[in-house]
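J.: Starting from these lines, generate the structure:
(chains A, B, C and D)
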2 protein chains.
Amino acid sequence: MKDIKHFLRQNSLRPTKQRVIIANYLFDGVNKHVTAESLSNKLLKMKAEISLATIYNTLHDFYEKGLLKKLMINSERIYFDTNTEHHHHFYSKKDQKLIDINVDMKVSGLPKPPKNKKINKIEVLVHLDN
Amino acid sequence: MKDIKHFLRQNSLRPTKQRVIIANYLFDGVNKHVTAESLSNKLLKMKAEISLATIYNTLHDFYEKGLLKKLMINSERIYFDTNTEHHHHFYSKKDQKLIDINVDMKVSGLPKPPKNKKINKIEVLVHLDN
DNA sequence: TATCAGTTTAGAACGATTCTAATGTGTTGA
DNA sequence: TCAACACATTAGAATCGTTCTAAACTGATA
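T.: Numbers count the residues shown, from 1 in each chain, chains lettered A, B, ... in the order given. You can find the predicted model right below:
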């Protein structure tokens, strides 16, 4: 992710100071799972004070452009994933932590979807014990 | 589910008027997915006015006793499932509707869990298109 | 049937998220 | 280059699902 400004423009996003900082962090080549809160904390540590409203706006803007995936893991907060490829997750409830599963998995024995419905995607969540 | 009072007592739950009404509805033999709100609406239609706080309390009490399962489907609300067996779901975002998958499915190609972690259970969520 | 622990309730509080409306800033084109 | 404007950012208010509080109520028990 070399030229972040160019990258944002390519995605019809005006490269504002805040978006550049956030994009630089999110798309540094290491996949991440963030919440608005965790991102805000990380940015504060990086001495970048960006309002929560902007963080929410930016995460949603990036999501709208397909740069982030939304994860529905628990009902307490929204997780965003910088890995937008189809993949699965380990989830440790105790640690409140998600780990990508990047290998191909197959689900067999799937029943037919209900009438007039098509399968969009299959999500596997592997719950960890400890 | 014949004698609800007895059933509640068996689960160390005092059979109050409200719990009896809610249990009668939830455990009528037809598996259901409810949220606090949907349950409240349903009860109002049945002319049973039970406060939201009690509905939340009761769902959690039933959950604590293992009579309900919590589902992590989306981050907007908590779904409770009267089917406490291990099973999977179809989910239609458009209809905000869940459908049980009661057949056995196999997931192959699963990687090893991270160090010191054990797999607890595998949950498959099949997203529907329309 | 009096007692009391457990339950219900209205309404306040909470926490994550969204909205509002005032201020600020990239971009454009003259 | 810079004026003008559409788009962004912001603090703080509002919202929404859920939980808490504390007062009133009610099953169970002795």
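
J.: so where do the helices sit in chain A?
T.: In chain order, chain A shows helices spanning A:4-10, A:17-26, A:36-45, A:52-64, with DSSP state H as the criterion.

J.: residues in contact with A:Val107?
T.: Neighbouring residues of A:Val107 by Cβ atoms under 8 Å, 6 or more residues apart in numbering or on different chains: A:Ile122, A:Val124, B:Met105, B:Lys106, B:Val107, B:Val124. Any C-beta I mention is one placed from the backbone N, CA and C, and that applies to glycine too.

J.: How many neighbouring residues does the first one have?
T.: Just to be clear, that refers to A:Ile122. The burial count assigned to A:Ile122 is 18, neighbours taken as other Cβ atoms under 10 Å in any protein chain shown.

J.: Kindly provide the distance from it to A:Ser108.
T.: 11 Å (Cβ to Cβ, to the nearest Å).

J.: cool, and the third one?
T.: Taking Cβ to Cβ as the measure, B:Met105 falls 7 Å from A:Ser108.

J.: Compare these two (neighbour count), which wins?
T.: Each of B:Met105 and A:Ser108 has its neighbours counted (other Cβ under 10 Å); B:Met105 has more, 17 against 9.

J.: and the closest residue in space to the more buried one that isn't next to it in sequence, how many neighbours?
T.: Distances taken as Cβ to Cβ, 6 or more residues apart in numbering or on different chains place A:Gly109 nearest to B:Met105, at 4.1 Å, with adjacent residues excluded. Applying other Cβ under 10 Å, we find 12 other residues in the vicinity of A:Gly109.

J.: Spell out which parts of chain A neighbour chain B.
T.: Applying Cβ under 8 Å from any Cβ of the partner chain, we find that chain A lies next to chain B at A:72-78, A:90, A:92, A:99, A:101, A:103-111, A:113-114, A:116-130.

J.: near DNA strand C, from the residues you listed?
T.: For DNA strand C, the contacts drawn from the residues of chain A next to chain B by Cβ under 7 Å from any atom of the strand are A:Glu76, A:Arg77, A:Ile78.

J.: residue contacts, the last one?
T.: By Cβ under 8 Å, 6+ apart, A:Ile78 lies in contact with A:Thr35, A:Ala36, A:Lys70, A:Leu71, B:Ser75.

J.: Low-confidence stretches in chain A?
T.: Scanning chain A for pLDDT under 70 picks out the ranges A:1-2, A:75, A:130.

J.: Quickly note the distance from A:Gln104 to B:His33.
T.: Careful, residue A:104 is Asp and not Gln. In this view, A:Asp104 and B:His33 are 30 Å apart by Cβ to Cβ.

J.: quick one, which of the two is more surrounded?
T.: Using other Cβ under 10 Å, the more surrounded residue of A:Asp104 and B:His33 is B:His33, with 19 against 10.
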